[in-house]
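[1] okay, sequence plus prediction incoming.
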Amino acid sequence: MSVTVTRLLRYPVKGFGAQALSEAVLIEGRGLPGDRRFAVTNGQAPVASDGRWTPAQGFVRMTRNPNLPLFGIDLIGTTLSLRHPDGRAAVGDPTRPDGLERLEEALASWFSTTARLVEAEGGYWDHRDAAISLINPASVAALATQSGRSLDIARFRGNVLLGGLPAWTELAWIGRRLRIGEAEIEILRPIDRCKATSIDPATGLADANVPALLSRHVGHAFCGVYARVVRRGRVAPGGTIADIGPALAALGSAAIETAPLPADWPRVGRIVTAVRETDEVVSLTIADPLAAAGLGPRLRPGQHIRLHHPGELGWRCYTVSGTTGGWRITVRRQQGFSAWLHDLGVGDSVTLSGPFGDFVLPDVARRPIVLISAGIGITPMVAMARDLAGRSVRMIHVARHGGDLALWPELRKTGHGADLKLHLTQPRPGDLVHRQAVAGRPDWTALAAEIRDAEVYLCGPRDFLRQAIAAFVATGLPETRLHVENFVSPDRGAGAPIAPPGQGPYRVRFTRSGVDAVWTPEAGSLLDLAEAAGLALKSHCRSGTCGSCRQAITAGTIKQMQAPALPVPTGTALLCSTVPVSDLVVAA
C-alpha cells in the first residue's frame, strides 16, 4: 500500500485554527503558502520588527489561551477573517493600514491592549527551520488505543496528514529525502510535543496531558516529523509520498539550539550484529542513524538507551554494554519486551532514543572504585571497566552458575589487572575450579569494612541490591558513595493534576538572570512567571514530561502541580509544572 497525502492544512495565524487547502506549491526554504504568516503578540517578549523568526514566548498561544482553536479563521488572498467563539468578527487586509487597524482593535479587545498583529512572509514556525510538519494518524490512533483516550488528530496541528503508513514508522524517515507529489522534502527531526496538544480543539479544554501520555506509553514525547522543502513542486491530497534516499545534511543542520538534543530523538536504527552470549542472553548491536551524520550522542559508560515497541509492549531501558559499530545491548530473555528483542536478528529495525542516565563514573576519581554486579547487571560494569582500564579497580560479580556468565569473559579481559572476584550461588560440578569462583554471595558486612573509603557502583536484581546496600549502610559506608542503577518507568499517574497550594504573593528571584518577579495564582507556573518577566528559558513539552525546563532551587519551597513523568532530582524543579509555596530563589 502506497503512502499518500490525505489532507493539507495551514494555520494562517500562529496558534489559531487550521484552514484546509485543496493544493499548494511548495517552494525551497518555505512552508505551505500562508502558513503561520501572521501572529498575535502578547507584549511579554520582543518580536523582531522585520518579520524574522521569533520564539513562541512573544505570541498569544494555546498554552495560556486554550480557546484559540475555537476561533474561526480564513485567509483568502491577503484578506484575513477572524471570528471570536462568542460570535464577534473582524475582517481586514493586514497588509493595508486600515485593514490592520480593524484587526488589531478586535485583537486588543479579545486579548489585551498589548496584542498586535505581526507578519512574517516566511512564517513564524515552531523552530527556525521547521517549515512543514507531517503527522501520521496511525501513530495518534495507536497512542489513543494504548492510553484508552479519544485523541483528535487536530491536536497535533500538522501541515501534511499521511495515509497508508503503519504507526510510528514515520520515524524511519528522519534524515531521509522524500518525494511528495511533485516536490521534494528532507526530514529533519521528530516533533517535540508540548502542552498545547493537551487541549481538545473541539472544546478548548485541557482534558488530556498528551506529552505525559506519550512518555508513559511509548517512552518519548514526540509525534510527527519536521521537514524542509528542497525542490519546489505541487502537492495535493491524494498525492503519493516516496522515500528517495538519504539526506544526512538535513540531520546535521537540524540540531539547533531551540530543539531538543539529538539524544532525545526517537529514531529507527538497524541491528548489525546479534551474538548469543548464553542460552538466555543475547547481545544486539544497533546502528544509530545519527552517527552517520556526525550527531552520534556521546556515551558515558554506564548509561542506557531506550527501545520503543510500535505496539502494545511500550518501551524499556537497556544499558549500553559496548559501542563498536553501534549501541550494543545485552538482554536476558523473559516475557514481553525482551522476548520480542530475542526474536529480532541482523537487518531488523528498532526504534531507539538516548543515551540517558546518571549512573556514570566521576569525571575525576578521588577515591578507589568498586564495581559490584549480579546477573545481567554486569552490562554497565563492562562499559565502565573499559573506561577504567589500567587503573586499580575492584570488581565483584555474582551469577548462578558457569552457564550464566554473559559478558564475564569480556569483563575479565577488559579489566585485566583489576581485582576481580566471581561468586556463583548455584555452582555446577567443576564451576568453582574452572571459573576460579567462590561459592555463595559475598559477605556484605566484611566487604563493607574493606571498601569503606571507596565509591561503590552496584547493579543487579532488587533483592541483591537491597541486601548489599543495607549491609553497607549499617557498617557506616555513606549512602552518598553508593551509586545504584535503577531503571525507572514513567509513573502511571504522570500528568495527573495536583490540588493548588496557597495564594501567595511570593517573591521569586531568578539569580542567573538577575530578575525579580512576584508570583500569584494568576501568574501560572514558574515557567510562565519567568516568561512574563522577559526570560527565555529552555522548555519543550511544558507538561512535566521532557525535563528540559529543570532548574536548581537554591532557597524556598515548591509544589508540583501535576505528577512528573520521571523522578525529579532533589533540589531541582520542572518550572513548567511547579509553583512556589514560599519566597523562592531559582538558579536561572
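    That came through fine. Residues are numbered from 1 along each chain as shown.
[2] residue ranges with poor pLDDT in the chain?
    Along the chain, the parts satisfying pLDDT under 70 run over 1, 255, 416-417, 486-502, 540-543, 545-546, 565-567.
[3] tell me the domain ranges of it?
    Here the domain parsing of the chain from automatic domain parsing is 132-260, 264-356, 369-484, 506-586.
[4] for the first one, how far is the first residue from the last?
    Taking Cα to Cα, to the nearest Å as the measure, domain 132-260 stretches 17 Å from start to finish.
[5] i'd like the first residue to be 636 from this point on
    OK, 636 is where the count begins now, so the last one is domain 767-895.
[6] quick one: closest of the domains of the chain to Ser637.
    domain 767-895 (5.2 Å; Cβ to Cβ). (Each C-beta comes from the backbone N, C-alpha and C, glycine too.)
[7] and the closest one, how far out from the chain's middle?
    14 Å (Cα atoms, centre = their mean, to the nearest Å).
[8] quick one on the thing from earlier: out of the domains of the chain, which comes closest to Asp709?
    Per Cβ to Cβ, nearest to Asp709 of these: domain 767-895, 16.6 Å.
[9] ok, and what's touching stretch 717-726?
    Residues from elsewhere that reach stretch 717-726, judged by Cβ atoms under 8 Å, 6 or more residues apart in numbering: 648, 651, 702, 705-708, 714-716, 737-738, 740-742, 745, 839.
[10] if I look at Ala1109, how far off is Ala1083?
    8 Å (Cβ to Cβ, to the nearest Å).
[11] ok, these two, which is more surrounded?
    Ala1083 (20 against 11; other Cβ atoms under 10 Å).
[12] can you give me the separation between the more buried one and Ala1089?
    Remark: distance between Ala1083 and Ala1089 (Cβ to Cβ) = 10 Å.
[13] ok, the residue nearest to Phe791 when sequence neighbours are not counted - contacts?
    In space, Phe791 comes closest to Ile770 once its chain neighbours are excluded; the distance is 5.0 Å by Cβ to Cβ, 6 or more residues apart in numbering. Neighbouring residues of Ile770 by Cβ under 8 Å, 6+ apart: 788, 791, 793, 795-797, 858-859.
[14] identify, from those residues, the entry nearest to Pro1062.
    Looking across the contacts of Ile770 and measuring by Cβ to Cβ, the closest to Pro1062 is Cys858, at 50.4 Å.
[15] tell me which element the closest one is part of?
    strand 857-866 (DSSP states H and E).
[16] who does the helix or strand following that strand touch, helix- and strand-wise?
    Using DSSP H and E, the next helix or strand after strand 857-866 towards the C-terminus is strand 868-870. With contacts taken as 3 or more Cβ pairs under 8 Å, 6 or more residues apart in numbering; DSSP states H and E, strand 868-870 sits against strand 659-661, strand 818-827.
[17] which one of the ones you listed has the most crowded surroundings?
    Neighbour counts (mean count of other Cβ atoms under 10 Å) averaged over each of the helices and strands packed on strand 868-870 peak at strand 818-827, with a mean of 25.
[18] and that strand with strand 857-866, angle?
    Calculated by axes from the mean of the first three to the mean of the last three Cα atoms, to 10 degrees, strand 818-827 forms an angle of 150 degrees with strand 857-866.
[19] paired strands for strand 818-827, with orientation please.
    According to DSSP bridges, strand 818-827 has the following sheet partners: strand 811-815 (antiparallel), strand 857-866 (antiparallel).
[20] these: which one's closest to Gly980?
    strand 811-815 (23.3 Å).
[21] name the residues that touch that closest one?
    For strand 811-815, contacts defined as Cβ under 8 Å, 6+ apart pick out 640, 661, 795, 819-822, 862, 865, 868, 870, 874-882, 885.
[22] mind doing that once more with 7 Å?
    The set of residues external to strand 811-815 that reach it, using Cβ atoms under 7 Å, 6 or more residues apart in numbering, is 640, 819-822, 870, 874, 876-882.
[23] that strand: which residues count as buried?
    811-815 (16 or more other Cβ atoms under 10 Å).
[24] go on, stretch 919-930?
    Buried residues in stretch 919-930, counting neighbours by 16+ other Cβ under 10 Å, are found at 919-921, 923-925, 928, 930.
[25] need those residues in TSV with secondary structure and distance to Ser973, can you?
    Shown next, in TSV, are those (DSSP: H, G, I helix; E, B strand; the rest coil; distance: Cβ to Cβ, whole Å):
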residue	secondary structure	distance to Ser973
Leu919	strand	11
Thr920	strand	16
Ile921	strand	15
Asp923	coil	21
Pro924	helix	24
Leu925	helix	25
Ala928	coil	30
Leu930	coil	28
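[26] got a list of contacts for the strand holding Cys858?
    Under Cβ under 7 Å, 6+ apart, the answer for strand 857-866 is 661-665, 764-771, 774-775, 791, 793, 805, 808-809, 818-828, 849, 885, 901.
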